[in-house]
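Student: got a structure for you, letters missing:
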């Protein structure tokens, strides 16, 4: 049950100071299992996405448009998850489900901003793949470093500006009827259901621009892949088709998962609405997608495998050097001396390759 602390004003309306979010369950037996599960998922999302971010930043071979956009996607996934999960973890562990009105509005704003940025970013990444595959001779001109930076900035600025009007309108609603936020965070639909104001104009203002912008980005992404698939089909050899498709398969997989989840959640008949289904679909794009994105992009990516192998080898090399210096290795026999000098020789070669 959701509790709303309020001060009565004219008629039946009230000013909201705080909500109590219902979450998943009130069962004490599930408190710690839920906390451990969500904490593990959150840490894995942070670690995997930061690994991609650091790998791209630290390796000059990955400073290409595709990886620059992937770096932005990794940062976005961390922001996406951090908007919801830390507060949810506190609510589960402390059994303190109160969230202030200001926190709720801020959470709604950053959640919608991250969703908007992801729409824009996936479309930009699809355009990058279109230029690379369909117009390879113009790729360096159309996707220069400055162009990539401008496109990345545009996605973040556009995404941060897009939900401002929607959030302001929702924040000015009056709340007085049912007091249940039947969700695990502050989303648009649960908040509109709490209001005793006329929400129809706000629903129109919220959903219609969202459908137009989201539909526009989806159309751009779809058109990019129509041209990409057409180009791949017309290639002469099967090996060329396979190699070319592999460069965009990971992005296409992420697009299908993201848009499929959004369509199931927001584009459906009203009679099929179910709060419980909403919670599980929301988990897909708040937890599952940020966790899967790093795996999808790196699983069969040779560039990332090379980076990870270099990092692993360098870490083992540094550990060996530290162990040798700490133990003050003494060479008593000829085999020991030979093994030691072989180790130094290979270490010098490896260090030269790293540099």
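Tutor: On my side now, so go ahead. Just so it is clear, the structure is predicted and the values come from calculations on it, not from any experiment.

Student: mean confidence score for the host helix or strand of residue 43?
Tutor: Element membership of residue 43 [criterion: DSSP states H and E] is helix 31-58. For helix 31-58, the mean pLDDT works out to 90.

Student: buried residues, that helix. List them.
Tutor: For helix 31-58, the neighbour count (16 or more other C-beta atoms under 10 Å) marks 34-35, 38, 41-42, 45-46, 48-49, 51-53, 55-56 as buried. Just so you know, the C-beta spots here come from the backbone N, C-alpha and C atoms, and that holds for glycine as well.

Student: now do the next helix or strand after it: which elements does it pack against?
Tutor: Downstream of helix 31-58, the next assigned helix or strand under DSSP H and E is helix 65-94. Counting contacts by 3 or more C-beta pairs under 8 Å, 6 or more residues apart in numbering; DSSP states H and E, helix 65-94 packs against helix 31-58, helix 101-134, helix 145-161, helix 289-298.

Student: and if we set it to 10 Å?
Tutor: helix 31-58, strand 98-100, helix 101-134, helix 139-142, helix 145-161, helix 238-266, helix 289-298, helix 302-327 (3 or more C-beta pairs under 10 Å, 6 or more residues apart in numbering; DSSP states H and E).

Student: low-confidence stretches in this protein?
Tutor: 1-16, 177-179, 267-273, 275, 300, 308, 310-355 (pLDDT under 70).

Student: 50 instead, please
Tutor: For the chain, the stretches with pLDDT under 50 are 1-13, 328-340, 342-343, 345-347, 349-355.

Student: quick check, central residue of it?
Tutor: By C-alpha atoms, centre = their mean, the chain has its centre lying nearest to residue 77, at 2.1 Å.

Student: so that one touches residue 118, yeah?
Tutor: Yes - Residue 77 sits in contact with residue 118 when judged by C-beta atoms under 10 Å, with a separation of 8.5 Å.

Student: joint contacts of the two?
Tutor: Counting by C-beta atoms under 10 Å, 6 or more residues apart in numbering, the shared contacts of residue 77 and residue 118 are 289-290.

Student: what residues go with each domain of the protein?
Tutor: Listed by automatic domain parsing, the domain ranges of the chain are 5-300, 310-354.

Student: just these: most buried one?
Tutor: Ranked by mean neighbour count, the domains of the chain are led by domain 5-300 with a mean of 17 (mean count of other C-beta atoms under 10 Å).

Student: next one: that domain to chain centre, how far?
Tutor: 6 Å (C-alpha atoms, centre = their mean, to the nearest Å).

Student: can you tell me which residues contact residue 203?
Tutor: Applying C-beta under 10 Å, 6+ apart, we find residue 203 in contact with 169, 188-189, 192.

Student: revised request: answer the last question for residue 218.
Tutor: If a contact means C-beta under 10 Å, 6+ apart, then residue 218 has 119, 122-123, 126, 211, 255, 258-259, 262-263 as its contacts.

Student: what about it, distance to residue 20?
Tutor: Distance, residue 218 to residue 20, using C-beta to C-beta, to the nearest Å: 36 Å.

Student: again with residue 26
Tutor: Residue 26 sits 11 Å away from residue 20, going by C-beta to C-beta.

Student: residue 222 reaches residue 122, doesn't it?
Tutor: No - taking contacts as C-beta under 10 Å, residue 222 lies outside contact range of residue 122: 11.0 Å.

Student: so residue 17 sits in a strand?
Tutor: Yes - assessed by DSSP: H, G, I helix; E, B strand; the rest coil, residue 17 belongs to a strand.

Student: what's the spacing between the residue nearest to residue 39 when sequence neighbours are not counted and residue 180?
Tutor: Excluding its sequence neighbours, the residue lying closest to residue 39 (C-beta to C-beta, 6 or more residues apart in numbering) is residue 89, at 6.0 Å. For residue 89, the distance to residue 180 equals 22 Å [C-beta to C-beta].

Student: equivalent analysis for residue 62, please.
Tutor: From residue 62 across to residue 180, the span is 47 Å (C-beta to C-beta).

Student: try residue 20
Tutor: 9 Å.

Student: can you check residue 248 too?
Tutor: From residue 248 to residue 180 the distance is 44 Å (C-beta to C-beta).

Student: residue 276 too?
Tutor: Residue 276 is 13 Å from residue 180, by C-beta to C-beta.

Student: could you do residue 216 as well?
Tutor: To residue 180, residue 216 is 34 Å away according to C-beta to C-beta.

Student: same check, this time on residue 207
Tutor: 22 Å.

Student: do the same with residue 142
Tutor: Counting by C-beta to C-beta - residue 142 and residue 180 are separated by 51 Å.
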